[in-house]
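J.: Pasting the sequence and the predicted coordinates here, then a few questions.
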Amino acid sequence: MVNRIKKAVLPVAGLGTRFLPATKAVPKEMLTIVDRPVIQYVVDEAKAAGIEHIVFVTGRGKATIEDHFDIQPELEETLKARGKEAELAALAAELPAAGGVSFTRQQAPLGLGHAIWCAREIVGKEPFAVLLPDMLMRSEPGCLAQMMAAYDKHGGNVIALEETVPEKVHKYGIVALGAEDEAGVEITGMVEKPKREEAPSTFYISGRYILQPEIFQILETTQPGAGGEIQLTDGMIRLAERQRFTGVRFTGATFDCGAKAGFLAANVAYALERADIAAEFKAELKKTLGEAAIKQLLS
Ligand code: G1P
């Protein structure tokens, strides 16, 4: 019987330099996909997988994330006075349970491994999930929920995998694959941001993890690796010497919202799925681009 995963760590300390000037005063995680901040979609994915407590690893200038996951009495009073019941209900549905979120700060940008290590006191001695909020993973059930099934069968550590092309392996953590069953594939090796000729496969770690708490002790002594940063993958390589890692091939759509093209594509994809605005949005696209151009664009 494996320990149920109740906590998820979301590292949100990054500066978002790729989105300047938008991110000068607004955290990149608060940029909107349609009408909700990116971070809200990731929190929803965690909640749908049974997560009860979200640990945000933040940094300076990220206070609006904290405000977003709190009540806003003035706004709620105004909505009430104006009879805006639907808006009120939507806000209430997204409010975390009291005590269901924690915030800690990564004081310096020392890498993803260091960011996760900053959550060690709040997570304690239990297995936990990590969700990288740049990556929006759209599927039903969600990516973390898909991974829970592999965790129930194999225990240990679980990571979501996707396939890329050899030209892009240097951007990711890349894995070597072993035996596979219906729940997932055994990970037999990992390397962070390898050169094309050194990559063991084209499967990359896509930003969702279930990890055992022993990772914290390891990260404490993990030296800077690729890019001069303390890498989570380097910690996982050491943990894999004594614990199993299972990979789950994610089936669904992934949007890298840390990059402009991925962020814009996510806005289009999510807008086209929204019953309340899809028709109007399609009409706007036709007007702007022309029907022939849309066909050409999508061909
Ligand atoms: C991080 C991880 C990497 C993973 C990637 C997914 O890299 O270190 O293993 O493949 O996220 O987006 P980063 O994007 O922070 O460079």
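T.: That came in fine, so what should we check first?
J.: all contacts plus neighbour counts: C-alpha atoms, from now on.
T.: OK.
J.: Contact residues of this structure facing the ligand?
T.: Where proximity means Cα under 6 Å from any ligand atom, the interface of the chain facing the ligand comprises 172-173, 192, 204-207, 231, 233.
J.: From those, which land in helices?
T.: Thr233 (DSSP state H).
J.: got a winner among the residues of the chain next to the ligand for most neighbours?
T.: Tyr204 (29 neighbours; other Cα atoms under 10 Å).
J.: my guess is that one meets Val175, correct?
T.: Yes: judged on Cα atoms under 8 Å, Tyr204 makes contact with Val175 at a distance of 6.2 Å.
J.: Could you save the residues of the chain next to the ligand as JSON lines and add columns showing pLDDT and distance to Gly83?
T.: Formatted as JSON lines, the residues of the chain next to the ligand follow (pLDDT from 0 to 100; distance: Cα to Cα, whole Å):
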{"residue": "Tyr172", "pLDDT": "96", "distance to Gly83": "49"}
{"residue": "Gly173", "pLDDT": "97", "distance to Gly83": "50"}
{"residue": "Glu192", "pLDDT": "96", "distance to Gly83": "53"}
{"residue": "Tyr204", "pLDDT": "97", "distance to Gly83": "49"}
{"residue": "Ile205", "pLDDT": "97", "distance to Gly83": "46"}
{"residue": "Ser206", "pLDDT": "94", "distance to Gly83": "43"}
{"residue": "Gly207", "pLDDT": "95", "distance to Gly83": "41"}
{"residue": "Gln231", "pLDDT": "97", "distance to Gly83": "50"}
{"residue": "Thr233", "pLDDT": "98", "distance to Gly83": "50"}
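J.: tell me how far stretch 38-58 is from the chain's mean position?
T.: 9 Å (Cα atoms, centre = their mean, to the nearest Å).
J.: Also stretch 269-278?
T.: 22 Å.
J.: Just the CA atoms of that stretch, as CSV, please.
T.: The C-alpha trace of stretch 269-278 is given here as CSV (Å, rounded to 0.1, in the frame of the first residue of the first chain):
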residue,chain,number,x,y,z
ALA,A,269,-6.8,26.2,-27.8
TYR,A,270,-8.5,27.0,-24.5
ALA,A,271,-10.6,29.8,-26.1
LEU,A,272,-11.9,27.5,-28.8
GLU,A,273,-13.0,25.0,-26.1
ARG,A,274,-15.0,27.6,-24.1
ALA,A,275,-18.7,27.4,-24.8
ASP,A,276,-19.2,31.0,-23.7
ILE,A,277,-16.8,32.6,-26.2
ALA,A,278,-15.8,30.0,-28.9
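J.: Give me the residues contacting that stretch.
T.: With contacts defined as Cα atoms under 8 Å, 6 or more residues apart in numbering, stretch 269-278 is touched by 33-34, 279, 281-282.
J.: Grab the nearest non-local neighbour of Leu79.
T.: Leaving aside its chain neighbours, Leu79 sits nearest to Leu88 (6.6 Å; criterion: Cα to Cα, 6 or more residues apart in numbering).
J.: ok, which stretches of the stretch 101-250 of the chain are strands?
T.: Shown for the stretch 101-250 of the chain, the strands assigned by DSSP state E, counting those that start in this stretch span residues 101-105, 128-131, 135-138, 157-163, 173-181, 184-192, 203-211, 245-249.
J.: Can you name every helix or strand that the third one contacts?
T.: In terms of contact count using 3 or more Cα pairs under 8 Å, 6 or more residues apart in numbering; DSSP states H and E, strand 135-138 is assigned the packing partners helix 38-48, strand 253-256.
J.: Reformat these as a markdown table; add mean neighbour count and mean pLDDT.
T.: A markdown table is the format used below for those (neighbours: other Cα atoms under 10 Å; pLDDT from 0 to 100):
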| stretch | mean neighbour count | mean pLDDT |
| --- | --- | --- |
| helix 38-48 | 20 | 97 |
| strand 253-256 | 17 | 94 |
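J.: any chance of the ones you listed in a markdown table, plus distance to Gln146?
T.: Shown next, in a markdown table, are the helices and strands packed on strand 135-138 (distance: least, Cα to Cα, whole Å):
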| stretch | distance to Gln146 |
| --- | --- |
| helix 38-48 | 11 |
| strand 253-256 | 14 |
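J.: list the contacts for the spatially closest residue to Lys7 that is not a sequence neighbour?
T.: Counting by Cα to Cα, 6+ apart, His53 is the residue found nearest to Lys7 once chain neighbours are left out, at 4.7 Å. His53 sits next to 6-8, 99-102 when contact means Cα under 8 Å, 6+ apart.
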